[in-house]
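Asks: Whatever this is, show me its structure:
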Amino acid sequence: MDEDEMDLDYDRIDSEHHDMSGMEDEFDENVLAIEADDMEVAVPAEEIRNFCLQKFKATDFIMEPVLMEFLNRYFAADGKPDEAIEALSSSYEGIAQYVNMFAEWLIILGEEPMAVQERIEGYLEEMIIKNFDPKKADRIFTSEGGIPPWMTELVTHKNWRKMIYKLVDVHRDCNMLNFTIKIISEAGFQNEIPATTTAVNQMEVFARVFDAAFGRVVDEGEAALPEFSKLITTGECTYLAAQLAMNSLVPETSRDAPHLGMNLVKIMQEVDESVKGHHTLPTQLILAKGAAWPKQTQAVASMISKGSLNPADIQILFQAYNSDNPPPVALLKFRDFVDMLIESLFSTDPKIPLEHKPKYIYLLSYMSSVHEKWSRQTQQRTEVNKDELKFTIESVRRVLDMTAKGSQNDVVSELPAVFALVKTTVIALGMLYWIGKTVKDPNYFSLTGESKYVKAAHGKQDTDVSVFRHFVVELLDIITPECSTESKELLLPLVSDSVITGALRLPDGKDPVSIFLEEGKKN
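Replies: Numbers count the residues shown, from 1 in each chain. I've put the predicted structure just below:
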């Protein structure tokens, strides 16, 4: 980095700093006319001279990029050259030159040039952020009558772009800063723009930032979702625009690349999950094309809002989805609603009245198996495919019959059938929920069930020893030696069998098998 480069960097920012923070707080109409060079407003020559002289007396004003403009105005108002020279020379302190000189000294003393530049720029950034006045900045921005040349150069430097992001986060209503964000996005740096900045409410900025953020979600997955959600929830307009954009992509991606369509739906669901506190349900219902079915839409909204299913609302939905012109399947796909259906049906202690259970099964099956096609031009539904509905209903009924027999052992005995059924996504979800509820039962890990079966199998001597060895290893890993007497009586034949546990014992007797056997002798 040579001296000229350092001069350029500091001088430019020094000028910007004076422009933004060196003006008087109050401006009357005449002063505004002088700054804007408005010839329609008659300003006395004396006022123009005095105003320009005041400008010339500002620290280092001789380095300001607007110097020549003010000199021209001053001399046009019959200003005296000697007074201008005196004001400019007496106000010159050479701050930029001092900085460059000190920077050269640091480099001579062994500092890396880039480290020196970073130190100077860091200090400048602190001073600009500390002294920034959004009202003065907006006045300068307005008086320029367009994009100031220094702003176009400013946004090409990454450090100064970061400074703009910090400033706009504090001064969210500053027009100059928000316009600068727009320039940054137009320059191709939309990937850097924070999702929380108010500038993304400008549709041009939002479109670019959304495109970049959505690409990151597709590439990086859930890791990029929090920032993506922040972008979408910046305002009502951004949320609606984002959901409309993703909604319009679902049909095409689902048709051309089904796995991408499913990923897109997943992204939309994750975003909806992250914005629960923003009361977006009405918007989501509209996007689900529920406006033409107000009664059914209200039924879904009511149950989601209350967090519980209502037989009366279920009846409304059941009748509608059994008709020749059913509501859109998207109305049934809200995560909260689906979760409530699964929890109600696959609970280990279901509370659904028997006469309503077929309706719950029908709606859950309809949600998971029915596919629709919609015309992009007319926004009308062109096809409702129910080919898999009957099979899904029967499959859900079969697995519910298995889980309703009262014991997890009944499900274990029918595992081949269960494995065949869980290939259906909604059944897999239901079984995961049922398993979760089952293993959380305080009695699940009591050894009075499975251990008896293991003991019986051990007595028959018709099972591979490795199976018993694996069982013992896993079991001793989760229980303590001080378990119940009944448990010890059941396990001792297995654990004491040297064929099964001989290879697991250590000479020092500190292995789990030896400890368990030693504890068993105490009883």
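
Asks: Quick check: chain neighbours aside, which residue is closest to residue 292?
Replies: Excluding the flanking residues, the one nearest residue 292 by CB to CB, 6 or more residues apart in numbering is residue 327, at 7.8 Å. From N, CA and C alone the C-beta is placed, and that goes for glycine too.

Asks: Now the one you found, what are its backbone angles?
Replies: Backbone geometry at residue 327, expressed as degrees, to the nearest 10, gives phi -60, psi 170.

Asks: What separation do you get for it and residue 370?
Replies: Going from residue 327 to residue 370 by CB to CB, to the nearest Å gives 11 Å.

Asks: Could you count how many residues lie near residue 479?
Replies: Look at residue 479: counted by other CB atoms under 10 Å, it has 17 neighbours.

Asks: hang on, the earlier thing: how deep is the residue nearest to residue 292 tucked in, by neighbour count?
Replies: Neighbourhood size, residue 327 [other CB under 10 Å]: 21.

Asks: and it, what does it touch?
Replies: Neighbouring residues of residue 327 by CB atoms under 8 Å, 6 or more residues apart in numbering: 290, 292, 293, 296, 297, 317, 320, 321.

Asks: ok, these vs residue 514, which is closest?
Replies: residue 317 (61.5 Å; CB to CB).

Asks: So that closest one is in contact with residue 300, correct?
Replies: Yes. Contact criterion CB atoms under 8 Å: residue 317 and residue 300 qualify, at 7.2 Å.

Asks: what do these two both touch?
Replies: With CB under 8 Å, 6+ apart, residue 317 and residue 300 have common neighbours residue 332.

Asks: Show me where the stretch 301-450 of the chain has its strands.
Replies: 371-374, 381-385 (DSSP state E, counting those that start in this stretch).

Asks: and the spatially closest residue to residue 87 that is not a sequence neighbour, how many neighbours does it have?
Replies: Distances taken as CB to CB, 6+ apart place residue 56 nearest to residue 87, at 3.6 Å, with adjacent residues excluded. Look at residue 56: counted by other CB under 10 Å, it has 24 neighbours.

Asks: residues near residue 208, how many?
Replies: 21.

Asks: tell me which element the residue nearest the centre of the chain falls in.
Replies: Residue closest to the mean C-alpha point of the chain, counted by CA atoms, centre = their mean, is residue 226 at 2.0 Å. Here residue 226, judged by DSSP states H and E, is contained in helix 225-232.

Asks: quick one: average confidence on that helix?
Replies: Averaged over helix 225-232, pLDDT sits at 78.

Asks: Quick one: mean pLDDT for the helix or strand containing residue 265?
Replies: Per DSSP H and E, residue 265 falls inside helix 258-274. Averaging pLDDT along helix 258-274 yields 67.

Asks: That one: what's the following helix or strand?
Replies: Counting by DSSP H and E, what follows helix 258-274 is helix 281-287.

Asks: Can you tell me which helices and strands that following helix packs against?
Replies: Under the contact criterion of 3 or more CB pairs under 8 Å, 6 or more residues apart in numbering; DSSP states H and E, helix 281-287 touches helix 236-256, helix 294-306.

Asks: Which one of these lies nearest to residue 425?
Replies: Among those, the nearest to residue 425 by CB to CB is helix 236-256 (14.9 Å).

Asks: The nearest residue to residue 308 once chain neighbours are set aside: what's it in contact with?
Replies: What sits nearest to residue 308 in space, not counting adjacent residues and going by CB to CB, 6+ apart, is residue 340, at 7.0 Å. Applying CB under 8 Å, 6+ apart, one finds that residue 340 lies in contact with 303, 307, 308, 309.

Asks: Kindly report the same for residue 370.
Replies: 329, 384, 385, 386, 388, 389.

Asks: and with 6 Å instead?
Replies: By CB atoms under 6 Å, 6 or more residues apart in numbering, the residues touching residue 370 are 329, 386, 389.
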